[in-house]
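Peer 1: Could you work out the structure for the sequence below:
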Amino acid sequence: MKTNVLVTGSNGQLGSEIKEIAGQYNQFNFIFTDIEELDITDKSQLDKIMKSQNINCVINCAAYTAVDKAEEEMEKARLINKTAVSNLAEVTTQFKALLVHISTDYVYDGKNCKPYTETDNTNPKCFYGKSKLEGEIEIVFNAAKAIIIRTSWLYSSFGNNFVKTIIKKGKEKGLLNVVYDQIGTPTYAKDLAKAILQIIPDYKSANRSEIYNFSNEGVISWYDFAKAIIEIKKIKCDIIPIETKSYPTPAARPFYSVLNKSKIKKDFNLQIPYWKDSLTECLSKINE
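Peer 2: Below is the predicted model of the structure:
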């Protein structure tokens, strides 16, 4: 019997990566949707698709991710990152399905000096982070069976992200200023997609909600990340390290968002690739 998996927000980075590798997972029957096919802020639409497609698992890749714009569009950010997530928690519980939800390192305040564990205090410093934490809370209180995965610095060969921006601007300008005092770990969306699809069969029979951290291995700054992108793509561009205070943004960013992944590796026997190996693989697919 195949597991019917509904993927929301499937045109984004993570959803596109799941689509790309879906054919390798014959145990799943995927139903890919985005806002055009399914508005997850409308609970009646969710009820309908859960029933008609006999959904066993929902992977929620839909999110409001415009970090700076969220400071102005609070209502919209909360609608997608909290209200819609509450709807998903309720319908998956009603239909006895597993919910896999993607959250963010922005739920932490970035003041740690060692990698964040899932039990560390949350204290988001911007509205995007607050709305994502509110979504997590909805799941904890309303979902019978769920996995929340906090991830950081997500990129892909699909969609818009830091990697593609550096390639584009590096070719155009030949000199870029990039902050060096924000520390974390990039996450290749393909690696996260593979991890999710490995986890689902192991977790299907559980009746609880758990939070997990996931990123690639290693620790770098945005400056290091930009340097690696330019070097691997052989782009002639100088990267200049600057402090965050020299590049003010409407939303505050965490200065330190390295994630401890011991729990997810232990529980699901995951092997997580090193960030530079994954970046090299991703860049081989980007021909910009």
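
Peer 1: Chain neighbours aside, what residue packs nearest to Lys265?
Peer 2: Ile272 (6.6 Å; Cβ to Cβ, 6 or more residues apart in numbering). Yep, even glycine has a C-beta here, placed from its N, CA and C like the rest.

Peer 1: sorry, that was for Arg253
Peer 2: Closest to Arg253 by Cβ to Cβ, 6+ apart is Gln182, at 5.7 Å.

Peer 1: what residues are up against that neighbour?
Peer 2: Counting by Cβ atoms under 8 Å, 6 or more residues apart in numbering, Gln182 makes contact with 110, 221-222, 244, 253-257.

Peer 1: Same question for Ile167.
Peer 2: 229, 233, 235, 286, 288.

Peer 1: Most neighbours among those, which one?
Peer 2: Ile229 (26 neighbours; other Cβ atoms under 10 Å).

Peer 1: Could you count how many residues lie near Gln53?
Peer 2: 14.

Peer 1: so what's it up against?
Peer 2: By Cβ under 8 Å, 6+ apart, the contact list for Gln53 reads 4, 6, 31.

Peer 1: and it, how far is that from Ser156?
Peer 2: 26 Å (Cβ to Cβ, to the nearest Å).

Peer 1: re the thing from before, out of the contacts of Ile167, list just those in strands.
Peer 2: Nothing among the contacts of Ile167 maps onto strands, per DSSP state E.

Peer 1: and these as CSV, adding distance to Ile102 and pLDDT?
Peer 2: Conversion of those to CSV gives the following (distance: Cβ to Cβ, whole Å; pLDDT from 0 to 100):
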residue, distance to Ile102, pLDDT
Ile229, 23, 98
Lys233, 27, 96
Ile235, 30, 96
Ile286, 22, 93
Glu288, 25, 63
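
Peer 1: Show me what the helix or strand Ala84 falls within is in contact with.
Peer 2: Assigned by DSSP states H and E, Ala84 belongs to helix 84-94. For helix 84-94, contacts defined as Cβ under 8 Å, 6+ apart pick out 8, 40-43, 46-47, 50, 58, 60, 62, 97-99, 101, 135-136, 138-139, 141-146.

Peer 1: repeat for stretch 274-281
Peer 2: 155, 163, 185-186, 188, 190-191, 215-218, 220, 225, 228-229, 232.

Peer 1: repeat that with 10 Å
Peer 2: Under the contact criterion Cβ atoms under 10 Å, 6 or more residues apart in numbering, stretch 274-281 has outside partners 153, 155, 157, 163, 184-191, 215-220, 224-225, 228-229, 232, 272-273.

Peer 1: Name the spans of the chain whose pLDDT lies under the cut-off.
Peer 2: In the predicted model, the chain carries pLDDT under 70 at residues 204-205, 288.

Peer 1: What segments of it are strands?
Peer 2: 3-8, 28-32, 57-60, 98-104, 146-151, 154-155, 175-179, 183-184, 187-188, 209-214, 220-221, 238-242.

Peer 1: So which of those strands is nearest Cys126?
Peer 2: strand 98-104 (10.5 Å; Cβ to Cβ).

Peer 1: What pairs with the closest one, parallel or antiparallel?
Peer 2: Paired with strand 98-104 in the same sheet, following DSSP bridges, are strand 57-60 (parallel), strand 146-151 (parallel).

Peer 1: Now restrict the contacts of helix 84-94 to buried residues only.
Peer 2: With burial judged by 16 or more other Cβ atoms under 10 Å, the buried subset of those is 8, 40-41, 43, 46, 50, 58, 60, 62, 97-99, 101, 135-136, 138-139, 142-146.

Peer 1: what ranges do the helices span in the chain?
Peer 2: With DSSP state H as the criterion, the chain has helices at 13-21, 43-52, 74-78, 84-94, 127-142, 162-173, 189-203, 222-232, 262-268, 275-283.

Peer 1: now the ones you listed as TSV including distance to Ile239?
Peer 2: Output for the helices of the chain, formatted as TSV (distance: least, Cβ to Cβ, whole Å):
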stretch	distance to Ile239
helix 13-21	23
helix 43-52	44
helix 74-78	31
helix 84-94	37
helix 127-142	26
helix 162-173	8
helix 189-203	23
helix 222-232	5
helix 262-268	32
helix 275-283	15
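
Peer 1: and of these, who's closest to Asp105?
Peer 2: Proximity to Asp105 (Cβ to Cβ) singles out helix 127-142 among these, at 8.5 Å.
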